[in-house]
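Peer 1: need the 3D shape of this:
(2 chains, ligands or ions: 2)
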Amino acid sequence: MKLTLKIWRQKDARAKGRFVTYELDDVSEKMAFLEMLDSLNRKLVESDQEPVAFDHDCREGICGSCGIYINGHPHGPVPAITTCHLSMRYFNDGDTVWIEPWRAKSFPVIRDLIVDRSAFDKIQAAGGYISVNTGSAPEANSIPIPRKNYDNAFDAAICIGCGACVAACKNASAVLFVSAKITQLALLPQGRVEARDRVRAMVEKMDELGFGNCSNTGACEAECPKEIKIKSIAAMKREYYKAF
Amino acid sequence: MNTLDSKIPPGPLAQKWTRFKNEVRLVSPANKRKLEIIVVGTGISGAGAASALGELGYRVKNFCYQDSPRRAHSVAAQGGINAAKNYQNDGDSVYRLFYDMIKGGDFRAREANVYRAAEVSNQVIDHFTALGVPFARDYGGTLDTRSFGGVQVSRTFYSKGQTGQQCLLGCYSALNRQIQKGNVQIFPRREMLDLVVVDGKARGIITRNLITGEIERHSANAVVLATGGYGTVYYLSTLAVNSNASAAWKAHKKGAFFANPSFLQIHPTSVPQLNQYQSKLTLMSESLRNDGRLWVPLQKGDKRPPNGIPEEERDYFLERRYPAFGNLVPRDVASRAVKERCDAGYGVSETGLAVYLDFRDALKKQGRKAIENKYGNLFQMYKTITGIDPYEEPMRIYPAGHYTMGGLWVDYELMTTIPGLYAIGEANFSDHGANRLGASSLMQAAGDGFFILPVTISNYLAGEIRSAPVPLSHPEFEAAEKTAVARLNRLISIKGNQTAGSFHRRLGKIMWDHCGMTRNEEGLKKALVLIRELRDEFWQNLNVPGTIYELNQELEKAGRVADYFELAELLVNDALERKESCGAHFREEYQTPDGEARRNDAEYAYVAAWEYTGENTPHVLHREELKFEEVELRERSYK
Ligand SMILES: Cc1cc2nc3c(=O)[nH]c(=O)nc-3n(C[C@H](O)[C@H](O)[C@H](O)COP(=O)(O)OP(=O)(O)OC[C@H]3O[C@@H](n4cnc5c(N)ncnc54)[C@H](O)[C@@H]3O)c2cc1C
Ligand code: FES
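Peer 2: Ligands and ions are numbered 1, 2, ... in the order given. Okay, the predicted model is just below:
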């Protein structure tokens, strides 16, 4: 199929970006979206032009590296998948595809489609852990955990930290991301010990890093490739109020 | 150096580790504060080690090429992690786990290391659980397990199909705690370009900042490589697209021996290649073989849809050939059996390069809900990629490059042949012999990182307390940086017209065709010629736009591919040299009449450790003889 690509090109955080148009006329519907970009880049490099920079690594939807805003949606128009899992079979001959980086104050553009998400790591470092030193853990089965708690903790734990929730939110809020970790650890007995300090430290860090407030719009849940539920935001709020 | 000292502690196998711990030299808390350790890699082994070393009070610098340590490829492990807990009361024990690994590795691993890996496995599960890793649980709240290939007990702990992600995030959280405390400094988006050796000891690394392109120098008292596997030498593999051998290869060229490079595991069940542009193959976890059955039509070229082929016209070839283990034979055995059927013309799908993995019977027996609980996300992923719903129709699968048993040679202390340089996790060679059993890599990576390296490294560091710090202006730093920059310049100034990726794809094809699931002398010799030709073309016709001192993803790729050309040659030479079939290394010349591997213990019961001697001189082979004191060498049969 033939496609017209409108791709955001930006040299670095300070430079002004703009959309550049590229035409591709041999896209196969068997390609993955990133393979389509690979083929564009190959053409660019072969004619000694700058390829489009984008983050990617596992290409199987789990590392959270990839993240492109495609036709107005983080990770593209298909729900519950990452950019690397987006197949070209969802596009039609003659389509124009708009391709942009995540846009959020706390995620400055590094180049083209690559943004700086290190703010996420800083929030996790503020308290997203259980303080246990190597060697001091009790026997694993000495901490029984009700199946339901395990299930709910697991559903929150599968966040891949891609940042789609921030990109989807009109306030560029990170609460879905932060609440997922808080929910996971709060549901486990071993995580309860530090629950108060954790929620305070992580929320404080999130605010400090310039993420916006939550206005309960739910765009984050709709766009999350791992279908993390906003009920974790409610759980985080409960934890937060309990902490004071 | 011409003799390899594996430094295995004396005494009975089961007491070696305890004895080592009792006798290891320690570093006092005050002195730990003065010692710096570089850990390259933030996977389960690297993040595990960095956090544990930070907890001990060392000053740690931790590096990765991704934008966050949480994205190391350990994140992609699906099926599970082994431990000898014997929670099922099914006769499991440390010894049995050890024995299964030794046998699974086709008797080409070092007994003492394997025993220790099995021994610390229980601590690993305790630690992950304490860190909040959500392993699957039974209704009573205790931990659940499942079975994996090559064993007859149920010892695999899991978090649905995301075990690697959950374990890695556990490590990442422990790492974050140390970052917060200031014990670990994290350096994401850095690529290690070279190792700095001063007076024969590893004392630092050269990195490139992947955002600014800046070349940086980092010094330390010891360097730990936790840089993962080199399965992307096949280009298409289940590894991350940016996985590479470069850090290990650079260390190799500085004096670290490379062991058993040709022991590369090809995993039987991955989504087959769908198009010629494909950049990666997606694994379908081995755990699926608990409930899925592999088959092909009995009739060659049967074009009926799978559900239209009646039971009596299906060939469940693993169950037929290996009745004792059935669908749960080890990976090397399963992969070859799949290849055999496809080569014989029984393969399915358009290409004929696929077989069915069918859940019909399990769905009927256990119901959709139970299957969904166990493999929900894998089924979902399969459907996302192929458009086919595995609840309705069998999956189509084919083998793919997956794991490297080979790697940097290490002794019992996990130290390479360069004093002060350690290798842990998939980057070393030590525990899996010629074939790795499922769910034992996460276990080994975590064991190495959390529980073994932090103990063994003090044996070396205790002697380093008085070593003078090495200034970053030291001539060895100067020289290493100069070499690294010269190479980047060379890559960027070729100005040909082909991309690094296209060379990588072609190299991968050579390796897959001639040094893949089966190998023979003629093919291997041909591969050597082809690799050299392609390598010459690479150095004449590569194009890398842009400059060194900026974000430049093409330059990153080019450097990795350049190293792969060198490693590929060693890999093929290693495969040529080993005139036997063992584990994943199947030489067609050495097989039994019914097509099974024929090992040659009399001549090849050794680790092949290769020494780099220079750009234009051949590698020198050093043999570490494997002495089996505990187990008897037997033919490995799963029939
Ligand atoms: C798809 C898949 C599924 C798997 N499933 C299982 C399973 O179910 N059970 C099991 O036991 N095993 C499984 N394995 C194997 C297992 O996941 C890996 O062997 C293990 O996680 C490797 O961990 P590691 O710490 O050694 O390396 P990795 O996790 O690969 O980490 C490598 C690190 O090194 C860094 N790095 C690499 N090169 C450089 C460089 N040049 N400069 C700077 N940094 C560098 C990377 O950034 C990364 O942080 C699976 C593997 C794959 C690919
Ligand atoms: S590249 Fe890893 S999630 Fe997309």
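
Peer 1: pretty sure residue B:113 contacts residue B:430?
Peer 2: Yes: counting by C-beta atoms under 8 Å, residue B:113 does reach residue B:430; the two are 4.6 Å apart. Any C-beta I mention is one placed from the backbone N, CA and C, and that applies to glycine too.

Peer 1: which residues does the one residue in the stretch 201-350 of chain B that gets nearest to ligand 1 contact?
Peer 2: Closest residue of the stretch 201-350 of chain B to ligand 1, C-beta to the nearest ligand atom: residue B:228 (2.6 Å). For residue B:228, the contacting residues are B:41, B:43, B:72-74, B:239, B:243, B:425-427, by C-beta atoms under 8 Å, 6 or more residues apart in numbering or on different chains.

Peer 1: tell me which helix or strand comes right after the helix or strand hosting residue B:375.
Peer 2: If you go by DSSP states H and E, residue B:375 is part of helix B:368-386. Sequence-wise, the next helix or strand downstream of helix B:368-386 (DSSP H and E) is strand B:395-404.

Peer 1: now that following strand against helix B:368-386, angle please.
Peer 2: Strand B:395-404 runs at 80 degrees relative to helix B:368-386, counting by axes from the mean of the first three to the mean of the last three C-alpha atoms, to 10 degrees.

Peer 1: quick one: mean pLDDT over strand B:395-404.
Peer 2: Average pLDDT, strand B:395-404: 96.

Peer 1: is ligand 1 contacted by the helix or strand following it?
Peer 2: Next in sequence after strand B:395-404, counting helices and strands by DSSP H and E, comes strand B:407-408. No: contact between strand B:407-408 and ligand 1 is absent, the nearest approach being 9.1 Å (criterion: C-beta under 6 Å from any ligand atom).

Peer 1: please identify which of the contacts of residue B:228 is nearest to residue B:270.
Peer 2: Here the nearest of the contacts of residue B:228 to residue B:270, counting by C-beta to C-beta, is residue B:239; it sits at 11.2 Å.

Peer 1: ok, now how distant is the closest one from residue B:353?
Peer 2: Separation of residue B:239 from residue B:353 (C-beta to C-beta, to the nearest Å): 20 Å.

Peer 1: before we move on, what about residue A:63?
Peer 2: 27 Å.

Peer 1: go on, residue B:558?
Peer 2: Distance from residue B:558 to residue B:353, by C-beta to C-beta: 30 Å.

Peer 1: residue ranges of the strands in chain A, please?
Peer 2: A:3-9, A:18-24, A:69-70, A:73-74, A:96-100, A:109-111, A:114-115 (DSSP state E).

Peer 1: if we can go back for a sec, which one of residue B:558 and residue B:353 is surrounded by more residues?
Peer 2: The neighbour count for residue B:558 versus residue B:353, taken as other C-beta atoms under 10 Å in any protein chain shown, is higher for residue B:558 (26 against 17).

Peer 1: pLDDT score for that one?
Peer 2: pLDDT at residue B:558 comes out at 98.

Peer 1: equivalent analysis for residue B:407, please.
Peer 2: pLDDT at residue B:407 comes out at 98.

Peer 1: domain parsing of the chain, as residue ranges.
Peer 2: Looking at chain A here, since you left the chain open. Using automatic domain parsing, the domain ranges for chain A come out as A:3-110, A:117-242.

Peer 1: actually chain B
Peer 2: B:267-402, B:494-600.

Peer 1: with adjacent residues omitted, what lies nearest to the residue positioned nearest the centre of chain A?
Peer 2: The structure's chain A has its C-alpha centroid closest to residue A:162; by C-alpha atoms, centre = their mean the separation is 2.0 Å. The shortest distance from residue A:162 to any non-neighbouring residue, by C-beta to C-beta, 6 or more residues apart in numbering or on different chains, is to residue A:64 (4.1 Å).
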